[in-house]
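[1] got a predicted model here, sequence first, then my questions.
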Amino acid sequence: MKYNELIELAIYARDNSTYTPYSKFKVGAAVEMEDGSTYSGGNIEIASYSPTNCAERTAIFKAVSEGKRKIKRIAVVGDNDYTYPCGVCRQVIREFGENPEIIIANTTEDYRVYKLEDLLPHSFGPEDLKEVKQDV
Ligand SMILES: O=c1ccn([C@H]2C[C@H](O)[C@@H](CO)O2)c(=O)[nH]1
Ligand SMILES: [Zn+2]
């Protein structure tokens, strides 16, 4: 899928898939998985605040819960010109991709493309738990 098409899905999610009664700050995300499937979502806020789910995680969890575990790229569109994923979402992207692309979009024609490792260098991930020394 072309960047502008994935961004279009993220814009649709920002405009139709959020629940943001508290911050009123709307964010949409769309992920393209390695098999070409796409999933989108918006941020969902909760009155006690901390259970709030960002748009990126909504989209990624939809994919993972459908059995898709490898992110090829993710597009993010917020109410700012450029809305970058929070630290928690960067770590979640890290879990399900091999250095996927992160597209920070203002419009379908105005966007910045990064790799996860640009935004989360020297990260901790699943491989780090492969050879855990057992203490029993
Ligand atoms: O990349 C981001 C940044 C913020 N938010 C949400 C969380 C909260 O609902 C609102 C304000 O922080 O924006 C996202 O969904 N993704
Ligand atoms: Zn986040």
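    It's in. Ligands and ions are numbered 1, 2, ... in the order given.
[2] for stretch 47-67, give the mean pLDDT please.
    When pLDDT is averaged over stretch 47-67, the result is 98.
[3] start at 797 instead
    Right, with 797 as the first residue, what we last looked at is stretch 843-863.
[4] residues making contact with the lengthiest strand in the chain?
    Scanning the chain for the strand with the most residues, using DSSP state E, yields strand 893-901. Where contact means CB atoms under 8 Å, 6 or more residues apart in numbering, the residues beyond strand 893-901 that reach it are 799, 802-803, 806-807, 866-873, 878-881, 889, 907-915. C-beta: built from backbone N, CA, C; applies to glycine.
[5] write the ChimeraX selection for whichever of these are buried.
    Taking 16 or more other CB atoms under 10 Å as the burial criterion, the selection of buried members of the contacts of strand 893-901 in ChimeraX is written as:
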select :799,802,803,806,807,867,868,869,870,871,872,873,879,881,889,907,912,915
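[6] now go through the contacts of strand 893-901 and say which are in helices.
    Here DSSP state H is the test, and the contacts of strand 893-901 give 799, 802-803, 806-807, 889, 912-915 as lying in helices.
[7] show me the two of the residues you listed that sit farthest apart.
    The widest separation within the ones in helices among the contacts of strand 893-901, taken as CB to CB, falls between Ile807 and Glu913 and amounts to 26.0 Å.
[8] and Phe920, what is it in contact with?
    With the criterion set at CB under 8 Å, 6+ apart, Phe920 makes contact with nothing.
[9] SS state for it?
    When classified by DSSP: H, G, I helix; E, B strand; the rest coil, Phe920 comes out as coil.
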